[in-house]
Each structure stands twice: as C-alpha cells, then as structure tokens.
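J.: Any chance you could fold what I've pasted below:
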Amino acid sequence: MSTAISWRSTAAGWRAEMARPLFFGELLIRLSPPGKQLIVQGRSLDLHVGGAEANVAIGLASLGHTTRMVSRVPDNALGTLALSVLRGAGVDCSTVATGGERMGLYFLTPGAGQRAAEVVYDRAGSAFATASLSDFDWDAAFAGATHLHMSGITPALGPASSAMAIAAARAAKDRGLTLIFDGNYRARLWEAWDSDPRTTLSALIGMTDILFGNHRDVALLLGRAFSGDGSDRRREAADAAFDAFPNLRIIASTARQADDSDHNRIAARIDARDRFVQTEEVTVSGIVDRIGAGDAFAAGVLHVLLDDEADLERAAEAGLGLTVLKHALPGDASFHTKADLQAFLDGHRDVRR
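T.: Predicted coordinates for the structure are as follows:
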C-alpha cells in the first residue's frame, strides 16, 4: 500500500497549492415518495444519489475544491448512475471500484409538520458492504491526497467494513494525511450485528484530527453524560474529548432545535483546544429536505479549514450558511456554489438577476 505514484504526474493533475481531500465511504441510492407522502401511499418514488462521504465530496467540489472518491459500486445501471452524478458535480471517481452484486438503497418517508421523517435501509450485501481493503487501488487513491474524510457509517455496516475503516485510517495517518471523521452514529446499523461501537469509534477518533460531532457523540465514546444546553456545558464535552483523544485539534457541530419538520433553528459551533466560536441561531422555515444538511455543514466548514485551519469564525459561518441553504434543496447533497454561499452570507434573499 505504498504511495509510489507521484501526484504531480497523475492523470487527475492535482495542484500542489491546493488541499486535496479524499473521501472513503458507500454510495447510496435514495428513494422517497413525492409530495411528502407516506411510502404506503406512494405509487412513484423520487430518486437521489447520496452517501455521507459522497455528499461532502459533492459539496466541496461544487465550491471549487478538488475532491476524489474511493468506493465500490456494482457494474450495472445503478452504479453507472451514481458515478454520473458525482462526476457531474466535479468529483474524481477514478478510484471508485466496480464489483459486487447490488447498490445500497434506502427509503425515506419525508417529514411534515409534527410527523418526523423516517429511514428504512436496504443495503445489506451491497457492493461496498461486501468489499475488502484489497478491492481498492490505494496507491492511486492516496497519491497526492492531503486529507482523508470518513464517517461512522462505514464501520457500522458490519465487521468487515469496521476493520476496513480502521485500516484505511491507519494507512492515511502513516502517510501523513489529516484525518477528518464525522461521527454520523446510526443506531439501526450498529444494532444489526454483534458490534462494539464505542471501541471501534474510539479507535478511529483516536487517529482523528478534525471531528464532526457533538456532546452526544462524546457521551457515547466516554460513557458519561454531557448536556448540550449552553456554551459552557458544550465546552465541557469538547474539553473531555480533547483530553481523551490527544490527536484531536478541532471539533465542529451544530445545535438544532426542531420546532417541527418544517421549522428548525440552527447554530454552528467549532471548538479548538484553546478557544471556541459559536454563531447566532438562524431560523430555517419552509424546509424542503433536511437529509444531508449535516454533510453540507461539513462541506462548508471544510471549505474554509482546508485553506486556513485557524480561521474558525469564517469556517463556522460557512458551515452554517451551507447547511441552511441545503434545507431548501431536494436530495442528499449540496450543489451550491461559492457565489450561492456568499450571497447567503451577505444577506441576499431576493431574486439574483
């Protein structure tokens, strides 16, 4: 797994002056009934391509960053569709392998009013979940990469995926990459097998430099309760995480108050070891689609941190801006541009002509 290939001579042509994040995780097809119907009502389904890591890759590519995806999809029409969406957004898919029998799916019942959204997974035995580390061209994947982004969804898929996630993280750290990890705790996935999420996630976060997670994630890892009420209590959880995981440099999170499925209030926060920043709360109404909002937040934060890890204030503002914009966009990923983000941050809400 040595990175003998020089990034300067790769076909992707990644530039030396730019951060070059690599994303490792499963690509998924999402199916949901239109018009906020229940699945039992629907006679048609809207289709979107997503996946936690892929959503961040798309979000950053749309903002002008060079991103590369490592995954595996079946050699069929659904796999081709997934790749076409990522490539269309500007994501390098040259290291996405083909193999396996099926595409991972999930079905979403959209939320409306006081009814919460609900997800049903159909991803067992997917091309990614049945992959092994040797199915991927890691020399080509790591060539020129500066960061590796992963999430807690990959290790939740089963024992093989769990081991693969830890091995990929170790390989990245051996090569000097910055490891970015999003907790993305999915109880239903962990509970489907004889798992030990605390031990597995602790091993991964022990190697992590930038963590997307909140006080609930820290509570799961450390086996003690933390309150999310107030900045002092949230700082208590961050300090505990920094003490437990010496490699951690930054923890980013959102605080969300869901008044109902159509009306949320959101603030963004970033903790470093020596300070923290927290934005004012923004009201989000008329929500079109909440799925992927956390991934949009990660893309907005990284949009700044990939260039300047010390600029926490601007990173928090960009993360909040992109997650708010994502609530008005159908599908799993943010396709908003730098101009879209800047217009939001500048307060422009009228038609842009």
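J.: so where's the stretch 1-150 of the chain shaky on pLDDT?
T.: Within the stretch 1-150 of the chain, the segments meeting pLDDT under 70 span 1-17.
J.: so where do the strands sit in it?
T.: 21-24, 28-32, 46-50, 68-73, 92-98, 104-109, 118-122, 147-151 (DSSP state E, counting those that start in this stretch).
J.: Mind putting these into TSV with distance to residue 283 and mean neighbour count?
T.: (Each C-beta comes from the backbone N, C-alpha and C, glycine too.) Listed next are the strands of the stretch 1-150 of the chain as TSV, based on distance: least, Cβ to Cβ, whole Å; neighbours: other Cβ atoms under 10 Å:
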stretch	distance to residue 283	mean neighbour count
strand 21-24	31	26
strand 28-32	25	22
strand 46-50	26	19
strand 68-73	34	26
strand 92-98	37	19
strand 104-109	24	20
strand 118-122	24	14
strand 147-151	28	26
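J.: between the ones you listed, which gets nearest to residue 296?
T.: strand 46-50 (11.5 Å; Cβ to Cβ).
J.: Partner strands of that closest one, with direction?
T.: strand 28-32 (antiparallel) (DSSP bridges).
J.: how much does the partner strand deviate in direction from strand 118-122?
T.: Here the directions of strand 28-32 and strand 118-122 differ by 130 degrees (axes from the mean of the first three to the mean of the last three Cα atoms, to 10 degrees).
J.: centre of the chain versus strand 28-32, how much separation?
T.: Taking Cα atoms, centre = their mean, to the nearest Å, the mean C-alpha location of strand 28-32 is offset from the chain mean by 16 Å.
J.: Quick one: the helices in the protein, in order.
T.: Remark: helices assigned in the chain by DSSP state H are 52-62, 77-89, 138-142, 153-156, 159-174, 187-190, 197-205, 215-222, 231-244, 293-305, 312-326, 338-345.
J.: Compare the strands of the stretch 1-150 of the chain and report which one is nearest to residue 220.
T.: So among the strands of the stretch 1-150 of the chain, strand 147-151 is nearest, using Cβ to Cβ, at 14.4 Å.
J.: So which elements touch the closest one?
T.: In this structure, strand 147-151 makes packing contacts with strand 21-24, helix 52-62, helix 159-174, strand 178-182, judged by 3 or more Cβ pairs under 8 Å, 6 or more residues apart in numbering; DSSP states H and E.
J.: Quick check: buried residues in the second one?
T.: Right, helix 52-62. The neighbour-count check on helix 52-62 (16 or more other Cβ atoms under 10 Å) flags 52, 53, 54, 55, 56, 57, 58, 59, 60, 61, 62 as buried.
J.: Save those residues as a markdown table, and put in distance to residue 234 too.
T.: Formatted as a markdown table, the buried residues of helix 52-62 follow (distance: Cβ to Cβ, whole Å):
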| residue | distance to residue 234 |
| --- | --- |
| 52 | 23 |
| 53 | 26 |
| 54 | 29 |
| 55 | 25 |
| 56 | 23 |
| 57 | 28 |
| 58 | 29 |
| 59 | 25 |
| 60 | 26 |
| 61 | 31 |
| 62 | 30 |
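J.: and which of those is nearest residue 170?
T.: residue 53 (17.6 Å).
J.: any idea how far that closest one is from residue 106?
T.: 15 Å (Cβ to Cβ, to the nearest Å).
J.: Equivalent analysis for residue 151, please.
T.: Per Cβ to Cβ, residue 151 is found 15 Å from residue 106.
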